[in-house]
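Enquirer: One predicted model, sequence on top.
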Amino acid sequence: MEGMTDTMNLLGEFLRARRGLVTPEQVGIPVFGVRRVPGLRREEVGMLSGISSDYYLRLEQGRDRNPSAQVLASIARVLQLDEAGTAYMFSLGGGQPRLARRRLLNEDAPVGIRVLIDEIGMPAFVEGRYFDVLAANQLAAALSPRLVPGGNRLRDLFLDPVEQSLYPDWDEVTAQIVAGFRESVGTDVDDPGFVDLVGNLSLSSPRFRELWGRHDVAPRESETMSLNHPDVGLLVLYREKLAIGATGHMLVVYHAEPNSDNAEKLALISSYALQTQESNTQLKP
């Protein structure tokens, strides 16, 4: 299936993808005439890494699964990988084995975290390893109607036009979330949930298929987010991502700079959400 990863040769898939993203000019190789391949040739990566082209070919083809740390470090330098990309490549090559993670058929947020997000007074939700929304408060749903339990951040961001319209920098946001998704999943690519999600997105979204093929990797970190909210217009918020133990889950919290226009807008959204919640409570028999 197009867009799926070869689970038997993860390192080779990664090397091929990243090699295709580095231009000869970036590594000081002069270009004469028309090149038949995008990015670097295999022999060029081998030469610049200080290894034979035959050995590098064996790495890409999966015929050598245990390269040394020195070889991986040299290849990372040639492919211009950042810290996250280098760590990911080491995990694929066995240089820094990842701890096996217990696969959860039914991921769930801890009870204490559920209580916390209901009491925190800020938009908050729990994000699973595959970016499922495991729990969310009313304020989070006021920011985006898709931030509710049972949703999936990847599916919503790539397949839902309403969700896409919230992000003025959608291209950048999608690149970040796919890189974070690859880091979150790691080498556990035979999990049925992963296979199903990536397969569906690859078939349904050309943008996801393009980004997944790049093999970008990035940690799931806190950052500033811009949202085009239908009620208050442009809203710039801090988005904190806090790891929940060793589960691979994240507590995600949105907040604004104190005494700013964004804080006022967020307060308006929160006030409306609380009023709606109270009204719904009163209507219940």
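Expert: Cool, the structure landed.
Enquirer: contacts and neighbour counts: CA atoms only from here.
Expert: Noted.
Enquirer: neighbours around residue 119, how many?
Expert: 11 (other Cα atoms under 10 Å).
Enquirer: An error on my part: the question was meant for residue 114.
Expert: Burial measure for residue 114: 19 neighbouring residues, criterion other Cα under 10 Å.
Enquirer: Next: residue 248.
Expert: Burial measure for residue 248: 16 neighbouring residues, criterion other Cα under 10 Å.
Enquirer: ok, now how distant is residue 90 from residue 171?
Expert: Taken as Cα to Cα, to the nearest Å, the spacing of residue 90 relative to residue 171 amounts to 28 Å.
Enquirer: Comparing those two, which shows the higher neighbour count?
Expert: Neighbours were counted for residue 90 and for residue 171 using other Cα under 10 Å; residue 90 has more, 21 against 11.
Enquirer: Neighbouring strands of the helix or strand containing residue 251 in the sheet, and parallel or not?
Expert: Using DSSP states H and E, the element containing residue 251 is strand 249-255. Using DSSP bridges, strand 249-255 pairs in its sheet with strand 124-127 (antiparallel), strand 233-244 (antiparallel).
Enquirer: quick one, which of those is packed in tightest?
Expert: Mean neighbour count, computed with mean count of other Cα atoms under 10 Å, is highest for strand 124-127 among the strands paired with strand 249-255, reaching a mean of 29.
Enquirer: Would you mind checking the average pLDDT for that strand?
Expert: If you average the pLDDT over strand 124-127, you get 96.
Enquirer: How many neighbouring residues does the residue nearest to residue 220 when sequence neighbours are not counted have?
Expert: Counting by Cα to Cα, 6 or more residues apart in numbering, residue 220 lies nearest to residue 180, which is 5.2 Å off, once chain neighbours are set aside. Burial of residue 180, expressed as a neighbour count using other Cα under 10 Å, amounts to 22.
Enquirer: Run through who's touching the helix or strand residue 180 falls within.
Expert: Taking DSSP H and E as the definition, residue 180 sits inside helix 170-185. Residues external to helix 170-185 that are found in contact with it (Cα atoms under 8 Å, 6 or more residues apart in numbering): 88, 129-131, 154, 157-158, 164, 167, 194, 208, 211-212, 215-220, 248.
Enquirer: Show me the shaky parts of the stretch 151-285 of the chain.
Expert: Screening the stretch 151-285 of the chain residue by residue with the criterion pLDDT under 70, one finds the ranges 276-285.
Enquirer: try 90 this time
Expert: Confidence mapping of the stretch 151-285 of the chain against pLDDT under 90 gives the ranges 183-197, 199-200, 202-203, 218-222, 245-248, 270-285.
Enquirer: Helices of that one, start to end?
Expert: In order along the chain, the stretch 151-285 of the chain carries the following helices (DSSP state H, counting those that start in this stretch): 153-159, 161-164, 170-185, 192-204, 206-214, 261-283.
Enquirer: Can you give the distance of the shortest one from its chain's centre?
Expert: Going back to what we said before, that points to helix 161-164. On the basis of Cα atoms, centre = their mean, to the nearest Å, the separation between the geometric centre of helix 161-164 and that of its chain is 18 Å.
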